[in-house]
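Trainee: 3D, please:
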Amino acid sequence: MSTLRPLLEIQELDLECDRLRDEREKLPARADLEACLADATNLDVALAQLEARREELSVSERHLGAEVAALAAKAKEVEDALYSGTITATKELEAHQEELRLLREKQDGLETQELELLEAIESTDADVAENREGRRRADERAEALRGTIAEAERDIDGQIAERVGRREPKCAGLPEAVLSEYARLRERDRLRGRAA
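Mentor: Numbers count the residues shown, from 1 in each chain. I've put the predicted structure just below:
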């Protein structure tokens, strides 16, 4: 009976340590941190897509801007020729007026498209800023969760150390063969740590 009582006390301390280790492993903040990191990854993917879209829009806007500038230059040439006084034939004058009208219409249409692109770029820039703000908040939340986890782990580790400290003197009076057999039996899954 003198061997059983300390062994049961050791087992109780070991089971408490097992429970504490399990609690440490399953801290709710760990799941929150994983969710937060998944959100951050999703934000990174979304940011890459937004930046790619922003680049496409910028390239399209630059090409359209160049096209508008070329049309404006052509319209200026036609207008200069029209009002230079060098064209005297009515038919040629009407042809130049019609060409100028068509160039201005096309220029107006392209300028409207360019404005739409600029608005899309502005909207995308706002989405990028919102994404970066979300990422900053996710980083802050992750850092806070890491702190919470570290604090909880320190607390649990202290509790485990206290129980291990209480366990050591109880082991001192038991034969090595008993402790060895106890440790071997504790490893069996079906006993769930109950070997005494």
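Trainee: C-alpha from now on. contacts and neighbour counts both.
Mentor: Noted.
Trainee: check contacts around the residue nearest in space to the middle of the chain.
Mentor: In the chain, the residue lying closest to the centroid (Cα atoms, centre = their mean) is Ala40, at 1.8 Å. Listed by Cα atoms under 8 Å, 6 or more residues apart in numbering, the contact partners of Ala40 are 135, 138-139.
Trainee: and it, what element?
Mentor: Taking DSSP states H and E as the criterion, Ala40 maps to helix 28-83.
Trainee: how far does that helix sit from the chain's center?
Mentor: Centroid separation between helix 28-83 and its chain, computed with Cα atoms, centre = their mean, to the nearest Å, is 21 Å.
Trainee: pLDDT of that helix, averaged?
Mentor: Mean pLDDT, helix 28-83: 94.
Trainee: likewise for stretch 146-161?
Mentor: Computed over stretch 146-161, the average pLDDT equals 96.
Trainee: any idea how far that stretch is from the chain center?
Mentor: 27 Å.
Trainee: now do stretch 71-84
Mentor: Centroid separation for stretch 71-84 versus its chain: 53 Å, with Cα atoms, centre = their mean.
Trainee: can you check stretch 145-161 too?
Mentor: Centroid displacement of stretch 145-161 relative to its chain, using Cα atoms, centre = their mean, is 26 Å.
Trainee: with stretch 136-146 instead?
Mentor: 11 Å.
Trainee: what comes up buried for that stretch?
Mentor: For stretch 136-146, the neighbour count (16 or more other Cα atoms under 10 Å) marks 138-139, 141-142, 145-146 as buried.
Trainee: for Asp125, which residues are in contact?
Mentor: Listed by Cα under 8 Å, 6+ apart, the contact set of Asp125 reads Arg54.
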